[in-house]
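just a sequence and a predicted model for now, questions to come.
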Amino acid sequence: TLFNTFAVKILFEYNEPRIKLKYMYFKIDEKIFAQYPSLKIGVIVVRGINNSRRISSIESLLRGISAQRGKEFTSKDISENHMVDIWNRAYGMFGIHPKKYLPSIAALLKRVANGKQIPHINPIVDLYNYFSLKYLLPIGGEDLDWLCGDLQLTFTKGGEAFRPLGSIEIEKAGEGEVAYMDNGGITCRYWNYRECERTKFTNKTVNAAIIVEDLSNMHMDQFGAIIREMEDGIIKYIGGQIEPYLLNQENPEIDFRVEGRKNADDSRIPAQEKVYFMEMEQLKKTEDIS
């Protein structure tokens, strides 16, 4: 602020540089690349979005690709698909059974193959689910304003807190799991199996990081074209200021240029939030019965 800048100038008699803000980074641990050298991740940072509207065009795209993939995989073994198999094998490499804990793309395909629709969540989630099904790539993301400290894709040491999406139960990670983590806890467990409650996209999300993962040795030009198509879709349907990035072994980190939250602790849930969550769950049950 103007006041803070003025105060700093007085304190240091105008001859010291301005204090730099501490921004958050996204970093991929070198140990991840040691085990998964073909990994590349596209990150699309979107700032200043309105994620509260229902956008029929996006929902129509999602229904269309869901029907297409559902028809395609109804009589197929999903695990035999190359884009699913590489993630099943990746999960196995860090000791997780992929049929018990499905990689995100396998979970989407299983749902549509069973004739179920992918439900509307909010525009940005609907759009990335569309692209995930279209290109059979795991896609997720983080609400940048709810991250706390640097986001890392790394191996767990064991004991890290994880609060699953839509839950008030706290899980503790085992040792050696692949996970996205920040200072508050695990933001996505078992690589892309399940996201956390704290950093999920909601209708109040304003600043987002969409994360696109590939282990298939897809050519960089093809992968880049998918990222650009996603950028175009975001601009067309949602809006906001877009910054695309590509991370790989040669470029393992980016600066989000956002401060994020000062404190977060997913191992603790305030009593008031627990009460609210239980009331909402009871309301859903009542609505289902009626």
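On my side now, so go ahead.

would you list every one of the helices in this protein?
With DSSP state H as the definition, the chain shows helices at residue ranges 2-11, 30-35, 56-73, 82-93, 104-113, 123-135, 220-237, 271-289.

ranking those by burial, who's on top?
With neighbours defined as mean count of other CB atoms under 10 Å, those peak in mean count at helix 123-135, which reaches a mean of 23. The way it works is simple: take the backbone N, C-alpha and C, and place the C-beta from them, glycine included.

would you confirm that residue 165 contacts residue 193?
No - using CB atoms under 8 Å, residue 165 is not in contact with residue 193, being 10.7 Å away.

who's more crowded, those two?
Neighbours per residue, other CB atoms under 10 Å: of residue 165 and residue 193, the larger number sits with residue 193, 24 against 13.

quick one: contacts for the residue nearest to the more buried one when sequence neighbours are not counted?
Distances taken as CB to CB, 6 or more residues apart in numbering place residue 101 nearest to residue 193, at 4.8 Å, with adjacent residues excluded. By CB atoms under 8 Å, 6 or more residues apart in numbering, the contact list for residue 101 reads 91, 190, 193, 194.

lowest average confidence, helix or strand, in the chain?
helix 2-11 (a mean of 36; mean pLDDT, DSSP states H and E).

residue contacts, the most centrally placed residue in the chain?
Residue closest to the average C-alpha location in the chain (CA atoms, centre = their mean): residue 141, at 2.2 Å. For residue 141, the contact set (CB under 8 Å, 6+ apart) comprises 124, 128, 201, 208, 209, 210, 211.

repeat that for 6 Å
Counting by CB atoms under 6 Å, 6 or more residues apart in numbering, residue 141 makes contact with 208, 209, 210, 211.

want to throw those residues into TSV with distance to residue 268 and neighbour count?
Formatted as TSV, those follow (distance: CB to CB, whole Å; neighbours: other CB atoms under 10 Å):
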residue	distance to residue 268	neighbour count
208	25	26
209	25	25
210	28	25
211	26	22
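
related to what we said a few turns ago, now the residue nearest to the centre of the chain: how far from residue 71?
Residue 141 is 28 Å from residue 71, where distance means CB to CB, to the nearest Å.

okay, now the unreliable bits of the protein?
Residues of the chain that meet the criterion pLDDT under 70 lie in 1-21, 287-290.

ok, now with 50
The model of the chain has pLDDT under 50 over residues 1-16.

ok so, going back, mind putting the contacts of residue 141 into JSON lines with distance to residue 247?
Listed next are these as JSON lines, based on distance: CB to CB, whole Å:
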{"residue": "208", "distance to residue 247": "17"}
{"residue": "209", "distance to residue 247": "12"}
{"residue": "210", "distance to residue 247": "13"}
{"residue": "211", "distance to residue 247": "9"}
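
of all those residues, which comes closest to residue 155?
residue 211 (17.6 Å; CB to CB).

show me the beta-bridge partners of the closest one.
Residue 211 forms beta bridges with residue 43, residue 140, as assigned by DSSP bridges.

so who does it touch?
43, 140, 141.

tabulate those residues (TSV), appending distance to residue 232.
Putting these into TSV (distance: CB to CB, whole Å) gives the following:
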residue	distance to residue 232
43	16
140	20
141	17
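
tell me which of those residues is nearest to residue 84?
Using CB to CB, those come closest to residue 84 at residue 140, 16.2 Å.

hang on, the earlier thing: among the contacts of residue 101, which are located in strands?
residue 194 (DSSP state E).

I'd like the contacts of residue 101 written out as JSON lines, with distance to residue 215 added.
Listed next are the contacts of residue 101 as JSON lines, based on distance: CB to CB, whole Å:
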{"residue": "91", "distance to residue 215": "11"}
{"residue": "190", "distance to residue 215": "14"}
{"residue": "193", "distance to residue 215": "15"}
{"residue": "194", "distance to residue 215": "19"}
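
so what's the residue nearest to the centre of the chain closest to, chain neighbours aside?
Leaving aside its sequence neighbours, residue 141 sits nearest to residue 210 (CB to CB, 6+ apart; 4.3 Å).

same question, residue 223
residue 214 (5.8 Å).

distance of that neighbour from residue 108?
According to CB to CB, residue 214 stands 16 Å off from residue 108.

do residue 129 as well
Counting by CB to CB - residue 129 and residue 108 are separated by 7 Å.

what do you get for residue 198?
As judged by CB to CB, residue 198 and residue 108 stand 23 Å apart.
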